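In: A predicted structure for the sequence below; I have some questions about it.
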Amino acid sequence: MNKEDLSNAIRFLSIDAVEKAKSGHPGAPMGMADIANVLWNNFLKHNPNNPNWINRDRFVLSNGHGSMLLYSLLHLTGYKLSIKDIQNFRQLHSKTPGHPESDITPGVETTTGPLGQGLANAVGMAIAEKMLAEEFNKKNHQIIDHFTYVFVGDGCLMEGVSHEVCSLAGTLGLNKLIVIYDMNGISIDGDIKLWFTENIKQRFESYNWNVIDQVDGHNFDKITEAIENARKEGDKPTIICAKTKIGYGSPNKEGTGSAHGAPLGSEEVDLTRKKLKWEHKPFYIPKTIYQEWDYRKKGNQLEKEWNEKYKSYEKEFPKESSELLRRLQKKLPKKINSEILKLTNKKNDSMATRKSSQVVLENIAKHLPELVGGSADLKDSNLVFWSDSKAITKKNFSGRYIYYGVREFGMSAITNGIFLHGGFRPYASTFLIFSEYAKNAIRMSALMKLPIIYVFTHDSIGLGEDGPTHQAVEQITSLRLIPGMCVWRPADLCETAVAWQSALEKKSGPTSIVLSRQTLPESPRTKAEKQFINKGGYTIYDKHKNPDVIMIATGSELNITINAAEELSKEKIKARVISMPCADIFLKQDKKYKEKILPTNFANILAVEAGVGDYWHQFIGRRGSTLSMTSFGLSAPGKDTMDFFGFTKNNIIKEVKKLIKKNR
């Protein structure tokens, strides 16, 4: 069988699926079919019978609009993706959504679509491979040893995140990362010569990459040679710059923007069939072509050979084998809960919650070898670097800390990739204000239901002198709006410890732990009250059975709210204070518990938080009110800023009295 027929199977499955859906992107699959043919048949190590085999090569389609390329490959090689699934492309509840989604389609490593992020995820996967190999491989036992391959298009390399992650990949020398760049010269607006003219070869050489340039993406021998050379590279990541024709084979649309993001049209499809001599009806693949593509037997053999190696490893290194298995199964060490309990039961000094977080890390990280992460050039500000931390470097991947530099977006997208690879519980950290730079990668964490831990410090106007450019006002609300995200804003070490415990125990979806720069006192709690912190919202001050007012507070505003409640009591105004460190978790509690904490028909509810207050309307009802921010902050010492905007004991008392008077 000739290779062209194997490539054309990809092309026509893609063409026919897009045509039937009346929606999609046929051009990239048609153009990259020859490269995909060579890679998947001759190099990619995988097993369609077990898409989660740990030592498989990772394949990422960063230019995710070309999803039919990936679906065709998965179908042809024998993954559980039927021809009916292909025919159901882009339809409701199908296994072939418009862009690849990792939790829907077997064999899809990561959800791609927002350009550049698949590439960033792949950098994370390559980092994870290096770290796992460094930790678990032994002499004569290379149990973690695989490549990460990425397809990217022009759009991926236009996106700024590609610069962030490729720069770091070069610095770290990720030699088992191989990027294949589809240089078709076309994006949605047409020929890219008007807006993308940089010298890609020089750009990637400046990152310290191995560049294989001017490869004919339709010449099987040249493609094979390029991939072989990339695999031999021992010191640098590789980018293969492959010239292809978008919409390859289409007589009237090949090489044009019209092949990019719309069906070819029935007439053009017929002409393409004639030109490429594909004499088969839509969605029909001859049995002989299926047999050539079928990778199930080969995949089983590859995994069987690896399993034999692993049995030998397991026998010689039982401790390491058991540890690797625990981590791949995502089981937490039992010691974590007891360490958290110690922290919540001890009497603690006043400290910033960013420092509280570091105290937690000092106690749990030694029991959690899978915990890995870093900060976007803010190690000594975010305090996510504990005493036993050790940074990974190009020469040594045995550490668990990553110096990301000023790359918030890249850091977060890489973190997604590290988790997707398996074997690690990653975190990423920066100032809360700079979550804005990372927001699309954070959104992708939530969309993929990845339990990534984000640590955001300098959480409000309370950070002070750096002023409104650095003072987060709307960011915590925007994080709370992301489906599946849990946002913790703890008030002290006790709540911070529970926040970390909750984040580590969470199986699905990310957590943001939002922390203060300024020192905060430890709030007094009974043993009973501490037991309810993990419910996200609980009563922390209530000396009266029937309160006149209920106040909700988070983070740095909790203690001043308690102080206000005590003062109000002296004035015969009965106040209850609810600490709400994680509203997302509180909202998931049963109706009885929520009613006990915040009675439905209670009028006088005041929410206190030094951020935009719109989020709190669901808790305060139509008759309640908020003490919150309605503007950006100001540059001044933190206490002065908080005082100016009314986050003081006296002003809370004033707001309570105003609320009670309004609702009489």
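Out: On my side now, so go ahead.
In: Now do the same for Glu655: helix, strand or coil?
Out: helix (DSSP: H, G, I helix; E, B strand; the rest coil).
In: how many neighbours does the closest residue to it other than its chain neighbours have?
Out: Residue nearest to Glu655 in three dimensions, not counting chain neighbours: Leu627, with 5.2 Å by C-beta to C-beta, 6 or more residues apart in numbering. C-beta coordinates here come from the backbone N, C-alpha and C atoms, glycine included. Number of residues near Leu627 (other C-beta atoms under 10 Å) recorded here: 25.
In: do the same with the one 3 residues further on
Out: Neighbouring residues of Thr630 were enumerated by other C-beta under 10 Å; the total is 10.
In: Surely the residue nearest to Glu655 forms part of a strand?
Out: Yes. Counting by three-state DSSP, one finds Leu627 located in a strand.
In: For it, give the beta-bridge partners.
Out: As for beta bridges, Leu627 partners with Val608 under DSSP bridges.
In: For it, give its distance to Glu595.
Out: Leu627 is 24 Å from Glu595, where distance means C-beta to C-beta, to the nearest Å.
In: What separation do you get for the residue nearest to Glu655 and Asn559?
Out: Leu627 is 15 Å from Asn559, by C-beta to C-beta.
In: cool, Glu205 as well?
Out: Note on Glu205: its distance to Asn559, by C-beta to C-beta, is 55 Å.
In: And those two? Which one has more around it.
Out: It is Asn559, of Glu205 and Asn559, that has more neighbours when counted by other C-beta under 10 Å, with 22 against 16.
In: rewinding a little: right, and the residue nearest to Glu655 touches Ile605 too?
Out: No. Here Leu627 lies out of contact with Ile605, judged by C-beta atoms under 8 Å, at a distance of 11.6 Å.
In: Can you give me the neighbour number for Gly190?
Out: Neighbours around Gly190, by other C-beta under 10 Å: 14.
In: in the sheet, who's paired with it?
Out: Ser187.
In: got the CA positions of stretch 104-121 in PDB?
Out: The C-alpha atoms that make up stretch 104-121 are tabulated as PDB, following Å, rounded to 0.1, in the frame of the first residue of the first chain:
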ATOM      1  CA  ILE A 104     -14.400  13.500  26.400                       C
ATOM      2  CA  THR A 105     -12.300  11.700  23.800                       C
ATOM      3  CA  PRO A 106     -10.000   8.700  24.500                       C
ATOM      4  CA  GLY A 107      -6.500   9.500  23.400                       C
ATOM      5  CA  VAL A 108      -6.700  13.300  23.600                       C
ATOM      6  CA  GLU A 109      -4.000  14.400  26.000                       C
ATOM      7  CA  THR A 110      -5.200  18.000  26.600                       C
ATOM      8  CA  THR A 111      -8.000  20.300  25.700                       C
ATOM      9  CA  THR A 112      -6.800  22.700  22.900                       C
ATOM     10  CA  GLY A 113      -8.300  25.500  21.000                       C
ATOM     11  CA  PRO A 114      -7.000  28.700  22.600                       C
ATOM     12  CA  LEU A 115      -3.800  28.900  20.400                       C
ATOM     13  CA  GLY A 116      -0.400  28.500  22.000                       C
ATOM     14  CA  GLN A 117      -1.700  26.800  25.100                       C
ATOM     15  CA  GLY A 118      -1.300  23.200  23.800                       C
ATOM     16  CA  LEU A 119       2.300  24.000  23.200                       C
ATOM     17  CA  ALA A 120       2.600  25.300  26.700                       C
ATOM     18  CA  ASN A 121       0.900  22.200  28.100                       C
END
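In: Going forward, the N-terminal residue is numbered 14.
Out: Shifting the count to begin at 14 puts that one at stretch 117-134.
In: any idea how far that stretch is from the chain center?
Out: 11 Å (C-alpha atoms, centre = their mean, to the nearest Å).
In: Next: stretch 23-36.
Out: On the basis of C-alpha atoms, centre = their mean, stretch 23-36 sits 30 Å off its chain's mean C-alpha point.
In: what's the answer for stretch 380-399, then?
Out: So, by C-alpha atoms, centre = their mean, the centroid of stretch 380-399 is 17 Å from its chain's centroid.
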